[in-house]
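Chemist: test case, fold it:
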Amino acid sequence: MEIIIGSTNTPKKDAVLTSFTQAYPNTDIIIECVKTKSGVSAHPLNAGEAMKGAMNRIADAQYQKPGADYYVGIEGGLLQVEERAYEIGWIVIANTVGKVATALSAGIEIKGEILRNILNGTELSEVLDNMYGVGKIGDTNGFYGLATDDLVTRTQAYEQGLHFAIAQFKHAELYQQ
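Modeler: Numbers count the residues shown, from 1 in each chain. Sure thing, here's the model as predicted:
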């Protein structure tokens, strides 16, 4: 099974590899990461923008590497509910015949100065680097890991969302329209 990820980010790659390997344990899985553009803000501020970013990553990956079995787009962004905001991974998986599945990762609340900086246009990883000296946190355990002392990492949060999206391919009968 060939899977193209619309990102070169290590936590995203690790999450895709783990999730697909667990879902398809007796399948040879080949993963390739391609650098893609999300076409949205550095840190999406709402659900629509984040989902569009994940979809754009898939479209770009399909353009660059046609013919794979699956394409995966993951875009971190905010889910704002009334006066609260949560960091969520927006997951999109498309297969070679055009079926698209979407899902969300676990979310973690963001508040205070961190949230204010994001709302002013600064990407979360840059905010954390500026405030805490945590360089390239988006390529490691992310805000999830920082806030939970690595009890839940960025990779683990994305794995959940990926399992939810993969379920739509494995159990299509549950997702008929």
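Chemist: need the helix or strand of this protein with the lowest average pLDDT.
Modeler: helix 124-132 (a mean of 89; mean pLDDT, DSSP states H and E).
Chemist: list the contacts of that one.
Modeler: Helix 124-132 is contacted from outside by 42-43, 76, 87, 110, 113-114, 117-118, 122, 134-138, 142-143, 146, using CB atoms under 8 Å, 6 or more residues apart in numbering. No exception for glycine: its C-beta is placed from N, CA and C like everyone else's.
Chemist: what about those, which are in helices?
Modeler: The members of these that map onto helices under DSSP state H are 113-114, 117-118, 142-143, 146.
Chemist: among those residues, list the two that are farthest apart in space.
Modeler: Farthest apart among these by CB to CB are Glu113 and Gly142. That separation is 17.8 Å.
Chemist: now the helices: where do they sit in the protein?
Modeler: Using DSSP H, helices in the chain cover 10-23, 47-64, 112-119, 124-132, 142-148, 154-170.
Chemist: among the contacts of helix 124-132, the buried ones, what's the ChimeraX command?
Modeler: Selection of buried members from the contacts of helix 124-132 for ChimeraX, criterion 16 or more other CB atoms under 10 Å:
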select :43,76,87,110,114,117,118,122,134,137,138,142,143,146
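Chemist: picking that back up, including distance to Val34, could the helices of the chain go into CSV?
Modeler: Formatted as CSV, the helices of the chain follow (distance: least, CB to CB, whole Å):
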stretch, distance to Val34
helix 10-23, 11
helix 47-64, 5
helix 112-119, 26
helix 124-132, 20
helix 142-148, 21
helix 154-170, 17
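Chemist: between these, which one is closest to Ile29.
Modeler: Comparing the helices of the chain by CB to CB, helix 10-23 comes nearest, at 5.3 Å.
Chemist: ok, residues contacting the closest one?
Modeler: Taking CB under 8 Å, 6+ apart as the rule, helix 10-23 contacts 1, 3, 5, 7, 27, 29, 31, 33, 70, 72, 74, 138-142, 153-156, 158-159, 162-163, 166, 170.
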